[in-house]
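Participant: Okay, here's the prediction I keep looking at, along with the sequence it came from:
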Amino acid sequence: MKLYQYHNRCNCSGLRIKQQRENLGLSQEQLAARLRLYGIEMGQKTISRIETGLRVVPDYELLWFARALETTSSWLLGEQE
């Protein structure tokens with residue numbers, strides 16, 4: 001499977017995930033704990049890879065990131081300011 005990149009990144013939401021996580025004063029480990037409450041098993045390393053653009057974010061994970069970060073998937077995708 002060919003992995004397409006967006007501005008040399010494997011996702012377009014990682015920077016916004018990091019921005020919102022920092023706005024909420026959460027560490028990557030704290031965000032991982034919030035995601036585990038929703039049944040998404042993800043560790044700090046995985047979140048780091050997402051934020052740096054090294055990992056793809058599937059659509060179903062994006063929905064849970066939005067809930068855990070108290071925002072919308074549209075904002076995480078950069079569709080809203």
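Facilitator: Arrived safely.

Participant: Going by C-alpha atoms from here, please, whenever you check contacts or count neighbours.
Facilitator: OK.

Participant: who touches S48 in this structure?
Facilitator: Q28 (Cα atoms under 8 Å, 6 or more residues apart in numbering).

Participant: cool, and E81?
Facilitator: E81 sits next to W75 when contact means Cα under 8 Å, 6+ apart.

Participant: pLDDT score assigned to it?
Facilitator: Looking at E81, its pLDDT reads 75.

Participant: quick one: it from L62, how far?
Facilitator: Distance, E81 to L62, by Cα to Cα, to the nearest Å: 17 Å.

Participant: where does the residue most central in space within the chain land in three-state SS?
Facilitator: Residue closest to the mean C-alpha point of the chain, counted by Cα atoms, centre = their mean, is I17 at 4.4 Å. Secondary structure state of I17, per DSSP: H, G, I helix; E, B strand; the rest coil, is helix.

Participant: Hmm, E51 and it touching each other?
Facilitator: Yes. Taking contacts as Cα atoms under 8 Å, I17 lies within contact range of E51: 6.6 Å.

Participant: show me the contacts for the residue nearest to the centre of the chain.
Facilitator: So I17 contacts 51, 65, 69, 76 (Cα under 8 Å, 6+ apart).

Participant: now, among these, which is nearest to S13?
Facilitator: The closest of the contacts of I17 to S13 turns out to be L76 (Cα to Cα; 5.2 Å).
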